[in-house]
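following is a predicted model, sequence given first.
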Amino acid sequence: MVEVSNISFAYDKSDRKILEDISFDIKQNECIAVLGNNGAGKSTLLKCIDRICTPDEGIVMVDGKNVYKMSKTMMAQNIAYVPQSSTSINMTVFDSILLGRKPYIKWDASSEDRQIVSDIIHKMKLEDFALRTVSRLSGGEAQKVMLARALAQEPKLLLLDEPTSNLDPRNQHEVLQTVKKIARENNICVAIVIHDLNLAIRYCDRFVFLKDSKLFSYGGLEVMTPENIEKVYQMHVHITEYMGIPIIVPFPDEKVTD
């Protein structure tokens, strides 16, 4: 279980806070969506959890251990972070994903490490790219490789910053289905920054709404309401259902009532 408690952060200490007193938890096997308009602090929140940014206040606990007191190796064994974009590297897809096993390798990769990588390549449907150089892949293909490398870490907490941004619609669904399945099979907590509300409502279990640097709302489907969405995004929406799947329909030209 992951507990994020009272996180506050400002890039410039004399400037306004990007995040203010943010608290929520993530249960094992659970995917949460971090939602909010541009500039709401979603990516910054993931960076604070992963220690890329140091919060001014607050604490993050993973399985009862303080993230800010972990060694680098322990961090890598507990938390995997996939940013919005990453620099292409001049190595094969297989070797790039094998880097995810680095926190567990003492001298050389074992047969178990290589098998874990092969299994993830199969689950992510990357077999055709395994021996290709990452730098020669498309943006979407490279993004799937970075996600596969994070999964190879076998973390307790997986942080994904807009993992579907460079993917076509089919791959968007395949990736989120895979992440959700692996999370449930391996007791992983997942936090996803995502802009597509329909992907969020379909694949995530709970929802963190950020607004004006603060936690606006957090919970399950009960908080994914037209009222909350309209207040956060300033856009009128309706929520309907088709074949058991909830669908959020935007009406951007309609006035939002206060």
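On my side now, so go ahead. Residues are numbered from 1 along each chain as shown.

in stretch 51-62, what's buried?
Within stretch 51-62, the residues that qualify as buried are 51, 53, 55, 58, 60, 62, counting by 16 or more other C-beta atoms under 10 Å. (C-beta placed from N, C-alpha, C; glycine too.)

identify the residues contacting it?
2-11, 13, 17, 19, 21-23, 44, 47-49, 66-68, 75, 78-79, 81, 156-157, 189 (C-beta atoms under 8 Å, 6 or more residues apart in numbering).

show me the contacts for Val34.
Val34 neighbours (C-beta under 8 Å, 6+ apart): 42, 45-46, 191-194, 208, 210.

looking at the residues you listed, which is nearest Val93?
Using C-beta to C-beta, Ile192 comes nearest to Val93 of the contacts of Val34, at 22.7 Å.

what is the residue nearest to the closest one when sequence neighbours are not counted paired to in the beta sheet?
With C-beta to C-beta, 6 or more residues apart in numbering as the criterion, Ile192 has its nearest non-adjacent residue at 4.6 Å, and that residue is Leu160. On the basis of DSSP bridges, Leu160 is bridged to Val82, Ile192.

hmm, Ile239 and Glu230 touching each other?
No: in this structure Glu230 lies outside contact range of Ile239 using C-beta atoms under 8 Å: 11.0 Å.

take the buried residues of stretch 51-62 and keep only those in strands.
Counting by DSSP state E, the part of the buried residues of stretch 51-62 found in strands is 58, 60, 62.

could you dump those residues into a markdown table with pLDDT and distance to Leu221 added?
A markdown table is the format used below for these (pLDDT from 0 to 100; distance: C-beta to C-beta, whole Å):
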| residue | pLDDT | distance to Leu221 |
| --- | --- | --- |
| Gly58 | 93 | 27 |
| Val60 | 94 | 26 |
| Val62 | 92 | 26 |
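
ok, those residues vs Pro103, which is closest?
Nearest member of these to Pro103, counting by C-beta to C-beta, is Val62, at 14.1 Å.

residues touching Gly219, list them.
Contacts of Gly219 (C-beta under 8 Å, 6+ apart): 206-207.

distance of it relative to Asp196?
20 Å (C-beta to C-beta, to the nearest Å).

helices of this protein, residue ranges please.
42-49, 72-78, 93-98, 111-123, 139-152, 169-186, 197-203, 226-233 (DSSP state H).

make TSV out of the ones you listed and add mean neighbour count, mean pLDDT and distance to Leu215.
What follows is those, written out as TSV (neighbours: other C-beta atoms under 10 Å; pLDDT from 0 to 100; distance: least, C-beta to C-beta, whole Å):
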stretch	mean neighbour count	mean pLDDT	distance to Leu215
helix 42-49	23	94	10
helix 72-78	15	89	23
helix 93-98	22	89	35
helix 111-123	15	89	33
helix 139-152	22	85	25
helix 169-186	16	87	22
helix 197-203	19	95	16
helix 226-233	18	93	11
